[in-house]
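[1] Model the following, please.
(one chain, ligands or ions: 1)
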Amino acid sequence: MRRRLLVGGAAALAGCAVAAPARPAGDRRHERLPASYPDLLVAVDDDTLVWRDGTRMAIGAGLPARDFETMLRSATIADQLRQDYVSGPLQGPPPRDHSPGRLRNTAFFERMYGDCRRGGTARNLRSVTWMPRTHPQALRVTTVNDVATRLERVIAALEALPDRLKAYLVPAAGSVACRAVADTGLPSVHGYGAAIDIGVGQSDYWSWSRRRGDIPHRNRIPFAVVEPFEAERFIWGGKWYHYDTMHFEYRPELFA
Ligand SMILES: [Zn+2]
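    Numbering: from 1, shown residues only. The predicted model follows:
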């Protein structure tokens, strides 16, 4: 079957090892993007994402999947949607390399939230009080895509949970932080102010246990704590093969 390739980068990509299956023909998951981010995106035009300010970005929808580690370091916009995030209680350990949300196109997110290394995100941040009735803590969160307001709705729902569950939440490990992801060196979504790490005391992170080979999944966070985040379209890192169970980030495009 002939596969349509984008101009630029196609030859290099064609030479990469292809471990994961290609996107099935007719996969239109990228068409969710304008509805997921209506303040900033207006349309998908063929294989181009159109921003409200007129910027156009190649999506890469016709390109085949590459091995996970390659996509992790150079994800196209289409790659961001390649792995489905399933809301609801965790259904067993994620399959190998199934980490929906870890694939991020850096240019897409920097246009959306700004580049923290150049001071581009700070003007969009505002203070949100994390768990005001349990353990008040000021966290700075982006106002882009109404993320700060959405997090406040999450907090209201979390405060209504039984007290025994609050131990998973406080103190929060943090929100905005201009840093790189440890294993990729790419900007962390924390740099955009669109992610939060809840209490570290009962959390698990894949690289604390093992860096190479199979990663046995670990999680102690009950779904009751996760559910309010998913209701506001924050994904949970506990559903990643490369688990990060304290981590939540705003990724509405991953919810079908
Ligand atoms: Zn995090």
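
[2] Share the number of residues neighbouring the closest residue to the ion within the stretch 151-256 of the chain, please.
    Taking CB to the ion as the measure, the stretch 151-256 of the chain has His247 as its residue closest to the ion, at 3.4 Å. From N, CA and C alone the C-beta is placed, and that goes for glycine too. The burial count assigned to His247 is 23, neighbours taken as other CB atoms under 10 Å.

[3] what's the nearest residue to it if we skip its chain neighbours?
    Once flanking residues are discounted, His247 sits nearest to Gly237: 3.4 Å by CB to CB, 6 or more residues apart in numbering.

[4] Number of residues surrounding Arg220?
    By other CB under 10 Å, 11 other residues sit near Arg220.

[5] To clarify, my last question referred to Asp146.
    14.

[6] Over to the one 10 residues further on?
    Burial measure for Ala156: 12 neighbouring residues, criterion other CB under 10 Å.

[7] and what of Arg82?
    Counted with other CB under 10 Å, Arg82 comes out at 20.

[8] Tell me the spacing between the residue most central in space within the chain and Leu81.
    Residue closest to the average C-alpha location in the chain (CA atoms, centre = their mean): Gly101, at 3.9 Å. Applying CB to CB, to the nearest Å, the value for Gly101 to Leu81 is 10 Å.

[9] Which neighbours do the two have in common?
    Shared contacts of Gly101 and Leu81 (CB atoms under 8 Å, 6 or more residues apart in numbering): Leu254.

[10] one step back: contact partners for the closest residue to the residue nearest to the centre of the chain other than its chain neighbours?
    Using CB to CB, 6+ apart and skipping residues adjacent in sequence, the residue nearest Gly101 is Ile235, 4.5 Å away. Applying CB under 8 Å, 6+ apart to Ile235 gives the contacts 85, 100-101, 229, 248-249, 251, 254.

[11] What about those, which are in helices?
    Using DSSP state H, the members of these that fall within helices are Phe229.

[12] Compare the contacts of Ile235 and tell me which has the most neighbours.
    Comparing these on neighbour count, Phe248 comes out first with 28 neighbours (neighbours: other CB under 10 Å).

[13] Go ahead and confirm that one touches Gly199.
    No. Counting by CB atoms under 8 Å, no contact exists between Phe248 and Gly199, whose distance comes to 12.0 Å.

[14] Backbone dihedrals for Arg118, please?
    Phi and psi for Arg118, reported as degrees, to the nearest 10, are phi -110, psi 10.

[15] so how far is Asn145 from the residue nearest to the centre of the chain?
    Taking CB to CB as the measure, Gly101 falls 15 Å from Asn145.

[16] What of Pro100?
    Pro100 is 19 Å from Asn145, by CB to CB.

[17] do the same with Cys116
    Distance, Cys116 to Asn145, using CB to CB: 16 Å.

[18] One more: Tyr168?
    Taken as CB to CB, the span from Tyr168 to Asn145 is 26 Å.

[19] among the contacts of Ile235, which two are most distant?
    Distance extremes for the contacts of Ile235: the farthest pair is Pro100 and Phe229 at 14.4 Å, using CB to CB.

[20] so the residue nearest to His247 touches Asp244, yeah?
    Yes. With contacts counted by CB under 8 Å, Gly237 reaches Asp244, the gap being 3.4 Å.

[21] Sweet, I'm off.
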